[in-house]
Every structure is written in C-alpha cells, then in structure tokens.
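> Can you look at this prediction? I've put the sequence above it.
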Amino acid sequence: MDTTPTPAGAHSAAAPTPAEHARTAPPAASARGLVQVYGTGEAAVHALRGVDVDFEAGRFTAIMGPSGSGKSTLMHCLAGLDTPTEGTVTLGDTVITGLDDAALTRVRRDRVGFVFQAFNLVPTLTAEQNILLPLELAGRTPDRAWLAEIVAALGLEDRLTHRPHELSGGQQQRVAVARALLTRPEVVFGDEPTGNLDSATGAEVLGLLRRATREMGQTVIMVTHDPVAAASADRVVLLADGRLAGELHAPTAERVATALAALSGREA
C-alpha cells in the first residue's frame with residue numbers, strides 16, 4: 001500500500017501553488033490522541049485508538065477503511081456530533097472538545113455544513129425553504145447574492161419552488177449541498193453523500209463537491225466506502241481497527257481499492 005504523500009513537484013515560480021498553500025495554511029480540522037470507547041468492560045468497543053490527523057483547508061478529503069474501522073466515528077467527533085472519550089478536536093482555531101451542548105450547537109450551526117446519505121429535507125417545505133432553513137433557525141438574514149450563486153452553480157434555478165417529492169434523488173441531494181454551502185461553513189462534512197444515488201447522479205454530486213473546493217475554497221471531509229467516490233477527493237485518509245493506517249494523495253479508484261483490500265486482509 002502506498003502511504004507516501006505525493007511530492008509537490010519542482011517549479012521555479014516563487015508563488016506557491018494552490019496545493020502548497022493548502023499544506024502551509026492552518027488545518028481546517030484536526031484530531032490529537034483521539035480515543036472513542038463505547039460501552040464498558042468486556043462489552044467495550046474501541047472505535048478509535050489514538051488518532052492524530054489534520055485536514056487541510058480548501059481541500060477535499062475522503063475518509064475510508066474497512067467496516068468497523070472507525071471512519072464514521074472520526075467524522076462525528078470532528079463535526080461535534082459525538083464527544084470523544086479522550087483526545088482533542090480542533091475546528092479552525094477553536095478546540096471544540098469540552099464545549100458544552102449550547103456551544104457545540106452553535107459550532108455546528110454556524111461553522112459546519114452537513115450532507116448525509118439521507119437527504120434530510122423537510123417534506124412540506126420547498127427546495128428554497130429547505131436551503132434557507134438553517135439560517136432561519138439561527139435568526140440570520142440570508143445573503144441573496146450568495147444564494148443565487150450557489151443555486152446557479154448547482155443547477156437548481158427552476159427547482160426552487162418544488163417540494164422534495166417533486167425532485168429526483170440527485171436534485172434532492174443538490175438541495176442538501178446548497179443548504180450546506182449557504183452558511184459559508186469552515187468545513188462541509190459528507191457522510192456517504194452518494195450512498196442513495198445511482199452512479200451517474202453520484203458522480204454529479206461528487207463533481208459539485210469538487211467544484212466547491214476548487215471554485216469556492218470550501219473544505220470538504222467525506223466518509224465513503226466507495227473507491228470510485230474517494231477518487232474524486234484530493235486525498236484519502238485510511239483507517240483500520242480505529243487507527244490511522246496511511247493516506248493516498250491524488251487517488252485513483254484502483255489505488256484506493258488496492259489499499260482497502262490490503263487493510264481488510266490485515267484486519268481479517
């Protein structure tokens with residue numbers, strides 16, 4: 001398994017490339033000594049076992065590993081959806097570990113976006129109302145110019161008055177992506193965001209997430225089990241048995257599949 005970071009490559013220009021800038025900027029999210037244990041005694045499940053990892057700002061990173069490797073647990077801890085047993089999680093310049101429930105709620109509302117496998121749209125609201133819902137709940141006024149830009153980028157201009165049942169699965173996920181981007185979050189977390197989509201529609205959603213990093217400077221962290229989906233990312237972080245097991249830069253589906261097969265064999 002190749003776990004060596006891809007060299008940046010030689011170039012004579014003094015200005016850093018976008019990739020180099022991302023590597024020198026402070027991480028968008030990071031974990032140090034992250035341990036997560038569910039249950040006690042003989043029934044205890046060690047989901048994470050001392051994970052140290054950084055996620056670059058303005059980059060698209062996939063988290064992968066065999067079933068039970070801890071990838072979803074890691075994402076939930078990074079996003080403030082779960083509290084680790086030990087260790088620290090930092091979002092931007094804020095250590096979120098140890099924050100009370102009210103403070104964590106504000107972090108998730110104001111600084112984080114979510115795109116889930118289930119689209120999580122309110123069935124009685126229109127697409128536009130679903131997109132605006134987080135801001136309305138926070139009592140914030142939407143930036144209409146930014147909304148228009150996102151809607152245009154996602155091809156939703158003629159779908160804003162439709163309710164979820166009037167939209168295809170791909171269109172519903174586009175609405176979810178728009179909702180996640182509207183608050184200009186520091187990080188968008190995707191939990192199997194293409195899991196309920198066919199391959200063509202899934203590829204469209206992944207392309208939208210890539211564009212969000214390339215054109216909007218968005219940081220995206222995605223959990224997926226699909227090597228093809230992971231190949232859309234700039235980097236793949238690999239987990240096995242709750243531990244960091246390497247990473248791939250500029251991944252291809254074939255390299256990811258080979259790495260996962262090696263990890264699955266190691267855990268067998």
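Structure's in. What do you need?
> Which SSE is immediately downstream of whichever strand or helix holds I150?
If you go by DSSP states H and E, I150 is part of helix 144-153. Where DSSP H and E defines the elements, the next helix or strand beyond helix 144-153 is helix 169-182.
> and after that following helix, which helix or strand comes next?
strand 187-191.
> Each with direction, which strands does that following strand pair with?
Strand 187-191 pairs in its sheet with strand 112-116 (parallel), strand 220-223 (parallel), by DSSP bridges.
> Figure out which of those is closest to N130.
Nearest to N130 among the strands paired with strand 187-191 is strand 112-116; the distance by C-beta to C-beta comes to 12.7 Å. In short, each C-beta sits where N, CA and C put it, glycine included.
> got a list of what V107 touches?
Each residue near V107 by C-beta atoms under 8 Å, 6 or more residues apart in numbering is listed here: 80, 91, 94, 96, 99.
> quick one: which of the strands paired with strand 187-191 has the weakest pLDDT on average?
For these, mean pLDDT drops lowest on strand 112-116, to a mean of 91.
> residues in contact with that one?
Outside strand 112-116, the residues that touch it by C-beta under 8 Å, 6+ apart are 79-80, 91, 108, 120, 173, 176-177, 179-181, 183, 185-193, 209.
> rewinding a little: just name the closest of the contacts of V107 to A62, please.
For the contacts of V107, the minimum distance to A62 (C-beta to C-beta) is 18.8 Å, reached by L91.
> Distance check, that closest one against L160.
Plainly put, L91 is 31 Å away from L160 if you go by C-beta to C-beta, to the nearest Å.
> which of the two has more neighbours?
A count of neighbours by other C-beta atoms under 10 Å puts L91 above the other of L91 and L160, at 23 against 16.
> any idea what sits nearest that one, other than its immediate chain neighbours?
A29 (5.4 Å; C-beta to C-beta, 6 or more residues apart in numbering).
> and stretch 155-172, C-alpha only, in PDB?
Taking C-alpha atoms only, stretch 155-172 is exported to PDB below (Å, rounded to 0.1, in the frame of the first residue of the first chain):
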ATOM      1  CA  GLY A 155     -28.400  24.000 -11.500                       C
ATOM      2  CA  LEU A 156     -31.400  24.500  -9.200                       C
ATOM      3  CA  GLU A 157     -32.900  27.700 -10.600                       C
ATOM      4  CA  ASP A 158     -36.000  26.000 -11.900                       C
ATOM      5  CA  ARG A 159     -36.500  23.700  -8.900                       C
ATOM      6  CA  LEU A 160     -36.700  26.200  -6.000                       C
ATOM      7  CA  THR A 161     -40.500  26.100  -5.700                       C
ATOM      8  CA  HIS A 162     -40.600  22.300  -5.800                       C
ATOM      9  CA  ARG A 163     -41.100  20.100  -2.700                       C
ATOM     10  CA  PRO A 164     -38.800  17.100  -2.100                       C
ATOM     11  CA  HIS A 165     -41.300  14.600  -3.500                       C
ATOM     12  CA  GLU A 166     -41.300  16.500  -6.800                       C
ATOM     13  CA  LEU A 167     -37.500  16.200  -7.100                       C
ATOM     14  CA  SER A 168     -35.300  13.400  -8.200                       C
ATOM     15  CA  GLY A 169     -32.800  11.900  -5.700                       C
ATOM     16  CA  GLY A 170     -30.000  13.800  -7.400                       C
ATOM     17  CA  GLN A 171     -31.900  17.100  -7.200                       C
ATOM     18  CA  GLN A 172     -32.700  16.500  -3.500                       C
END
